[in-house]
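**Student:** What follows is a predicted protein model with its sequence.
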Protein chains: 2
Amino acid sequence: MEEINNIEVVPCTESNYLKPFRLLYNQNGTKKSWDFMRTHDSVSVLIFNTTSHCFVLVKQFRPAVYMCEWEKAKTKTSQGAVKTEEGEASESQEGQSAAAEDTSSQWPPASAGVTYELCAGLVDKPDLSLEEIARQEVLEECGYDVPASKLKRITSYRSGVGVTGAKQTMFYAEVSDDNCVSAGGGEPREGELIEVVKVPLHEAMTFAYDERIPKTMGVIFSFIWFHNNMSPKYKISTNV
Amino acid sequence: MEEINNIEVVPCTESNYLKPFRLLYNQNGTKKSWDFMRTHDSVSVLIFNTTSHCFVLVKQFRPAVYMCEWEKAKTKTSQGAVKTEEGEASESQEGQSAAAEDTSSQWPPASAGVTYELCAGLVDKPDLSLEEIARQEVLEECGYDVPASKLKRITSYRSGVGVTGAKQTMFYAEVSDDNCVSAGGGEPREGELIEVVKVPLHEAMTFAYDERIPKTMGVIFSFIWFHNNMSPKYKISTNV
């Protein structure tokens, strides 16, 4: 499906997306330092289509996931000849150059970087409520037009506590085929290439725990939340 | 509890922990670029103490979470006078300097950065199995000595798909007071200041969905997994 080519890894000395900072502080009298990144909070939405009794997920090529797989394949090939990052504590610039040169190694297929995820987006519009931002993501990514008032808040939690620490709020949206106004697929002007995929309700639990299907924890958690909370309303056959 | 002071934010031009790279590629004929960070895979462990019928979690001060809260407090105080990062696409260096000067703002209490998490650790020892790494984390962070063979794999998933994309594998470990060999608390030489906390089984679901208690999705998901899968063995009173 996805075709990825002309791949090149280069050092990233300045980024509009990754902004590293360092926090210096004393914790209970101990002097500490921690590198972190600024990010936005986010929303994610479990979408259930009541017409087809399917969950609506998004599937996309994730460069960061792809590079993890590339790294693993490379390490396996070189059979331990690759130095670990930890051993190069004072050589991070050299480490970066090495990576930039390594692009001649064999690249894994694009599918190695494709993941299944909940519809989601950043909270980067200060004037909009979380529900309104979630509503826009459901429309842009998945093509369903549902009023913000129909979004049910599931819960919130911290993501990436080591590096970003942002808050993610998860919603549940019931949609029907009547709400479907476009094919979705994200904002092309933002470079989004998102595929909308449906997971039938009766396959949901097998999907959730099948480790061969790359996915986020949000998919697994929300499917189980649905199983536990919506089962009086919809039947779901499973042995979670 | 935690005392945090002498706080200072400084730009982070080179880090041993955050290593940004840029991937240049063609996706289905469209030229794209994505900034990402290399990280290690990780393991997390839901620990259940069968003597006290409690879950064993870790609680720690997370600078990244703290800075998110500081940012929010600052934005609220300035009532919209703060520019958003997105508006400064070509001014990231200036943005960093500004942040470094902003430290005179009032800092929130340390508790704003404290989160409840599963016992967890990075997969950074190539010679060890995931189970063995998980076993070491349970011992170091929580003080329980359990054989790796007693760890039950729950599932795996991708975390931080936008930035890191690493794989996290979640385990379940049953421990008893007899396995407790130390107070835990992490590796002081690695600067870890970890508090071991117990959540009684009968309070677990209220804890999981109480948004006032800052926690990771792993805590919520694993408590529900336990509820669904261990209920024949242990009673858990809840309305999940």
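**Tutor:** Now that the structure is in, tell me what you want to look at.

**Student:** Output the longest helix anywhere in chain A as PDB - backbone C-alpha positions only.
**Tutor:** Ranked by residue count and defined by DSSP state H, the top helix of chain A is helix A:63-77. Taking C-alpha atoms only, helix A:63-77 is exported to PDB below (Å, rounded to 0.1, in the frame of the first residue of the first chain):
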ATOM      1  CA  PRO A  63       8.600   7.800  10.500                       C
ATOM      2  CA  ALA A  64       9.600   7.400  14.200                       C
ATOM      3  CA  VAL A  65       8.200   3.900  14.300                       C
ATOM      4  CA  TYR A  66       9.900   3.100  11.000                       C
ATOM      5  CA  MET A  67      13.200   4.200  12.200                       C
ATOM      6  CA  CYS A  68      12.900   2.000  15.400                       C
ATOM      7  CA  GLU A  69      12.400  -1.000  13.100                       C
ATOM      8  CA  TRP A  70      15.300   0.100  10.900                       C
ATOM      9  CA  GLU A  71      17.500   0.400  13.900                       C
ATOM     10  CA  LYS A  72      16.600  -3.100  15.100                       C
ATOM     11  CA  ALA A  73      17.100  -4.600  11.700                       C
ATOM     12  CA  LYS A  74      20.500  -2.900  11.500                       C
ATOM     13  CA  THR A  75      21.600  -4.100  14.900                       C
ATOM     14  CA  LYS A  76      20.600  -7.600  14.100                       C
ATOM     15  CA  THR A  77      22.500  -7.600  10.800                       C
END
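
**Student:** Check which helices and strands that helix is in contact with.
**Tutor:** With contacts taken as 3 or more C-beta pairs under 8 Å, 6 or more residues apart in numbering or on different chains; DSSP states H and E, helix A:63-77 sits against strand B:20-27, strand B:30-37. All C-beta spots, glycine's among them, are computed from the backbone N, C-alpha and C.

**Student:** Quickly compare the ones you listed and say which is most buried.
**Tutor:** Highest mean neighbour count of these: strand B:20-27, a mean of 19 (counted as mean count of other C-beta atoms under 10 Å in any protein chain shown).

**Student:** Can you list the helices and strands that it packs against?
**Tutor:** By 3+ C-beta pairs under 8 Å, 6+ apart, strand B:20-27 packs against strand A:4-11, helix A:63-77, strand B:30-37.

**Student:** most tightly surrounded among the ones you listed?
**Tutor:** helix A:63-77 comes out most buried of these by mean count of other C-beta under 10 Å, with a mean of 19.

**Student:** Need the contact partners of it.
**Tutor:** A:4, A:9, A:82, A:102, A:105-108, A:110, A:112-115, A:214, B:21, B:23, B:25, B:34, B:36-39, B:41, B:126, B:158, B:160-167 (C-beta atoms under 8 Å, 6 or more residues apart in numbering or on different chains).

**Student:** roughly how far is it from the heart of the chain?
**Tutor:** Distance of helix A:63-77 from the chain centroid (C-alpha atoms, centre = their mean, to the nearest Å) equals 17 Å.

**Student:** re the thing from before, Throw the helices and strands packed on strand B:20-27 into CSV and include mean pLDDT and distance to B:Ile154, thanks.
**Tutor:** Shown next, in CSV, are those (pLDDT from 0 to 100; distance: least, C-beta to C-beta, whole Å):
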stretch, mean pLDDT, distance to B:Ile154
strand A:4-11, 92, 31
helix A:63-77, 87, 20
strand B:30-37, 91, 26
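
**Student:** which stretch among these comes nearest B:His53?
**Tutor:** B:His53 lies closest to helix A:63-77 among these, at 37.6 Å (C-beta to C-beta).

**Student:** In strands only, show me the contacts of helix A:63-77.
**Tutor:** Secondary structure defined by DSSP state E assigns A:Ile4, A:Val9, A:Val114, A:Thr115, B:Phe21, B:Leu23, B:Tyr25, B:Trp34, B:Phe36, B:Met37, B:Arg158, B:Lys167 of the contacts of helix A:63-77 to strands.

**Student:** list the buried ones in stretch A:210-228?
**Tutor:** A:214-228 (16 or more other C-beta atoms under 10 Å in any protein chain shown).

**Student:** From the geometric centre of chain A, which residue sits farthest away?
**Tutor:** Among residues of chain A, the one most distant from the C-alpha centroid is A:Gly29; the distance is 37.3 Å, by C-alpha atoms, centre = their mean.

**Student:** Tell me who's in contact with that residue.
**Tutor:** B:Glu3.

**Student:** Please pick the buried ones from the contacts of helix A:63-77.
**Tutor:** The buried subset of the contacts of helix A:63-77 - by 16+ other C-beta under 10 Å - is A:4, A:9, A:107-108, A:110, A:112-115, A:214, B:21, B:23, B:25, B:34, B:36-39, B:41, B:158, B:160-167.

**Student:** what residues are up against A:Pro200?
**Tutor:** Contact analysis of A:Pro200 by C-beta under 8 Å, 6+ apart lists A:Ser52, A:His53, A:Cys54.

**Student:** Run through chain A and note the low-pLDDT ranges.
**Tutor:** A:1, A:78-105, A:188-192, A:235-240 (pLDDT under 70).

**Student:** What segments of it are helices?
**Tutor:** Remark: helices assigned in chain A by DSSP H are A:63-77, A:92-101, A:130-137, A:204-209, A:217-229.

**Student:** Take these and lay them out in TSV including distance to B:Ala120.
**Tutor:** Listed next are the helices of chain A as TSV, based on distance: least, C-beta to C-beta, whole Å:
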stretch	distance to B:Ala120
helix A:63-77	17
helix A:92-101	24
helix A:130-137	27
helix A:204-209	20
helix A:217-229	13
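
**Student:** is the nearest residue to A:Ser33 once chain neighbours are set aside in a bridge, and if so with what?
**Tutor:** Distance criterion C-beta to C-beta, 6 or more residues apart in numbering or on different chains; nearest residue to A:Ser33, sequence neighbours excluded, is A:Leu24 at 5.3 Å. Beta-bridge partners recorded for A:Leu24 (DSSP bridges): A:Ser33, B:Glu8.
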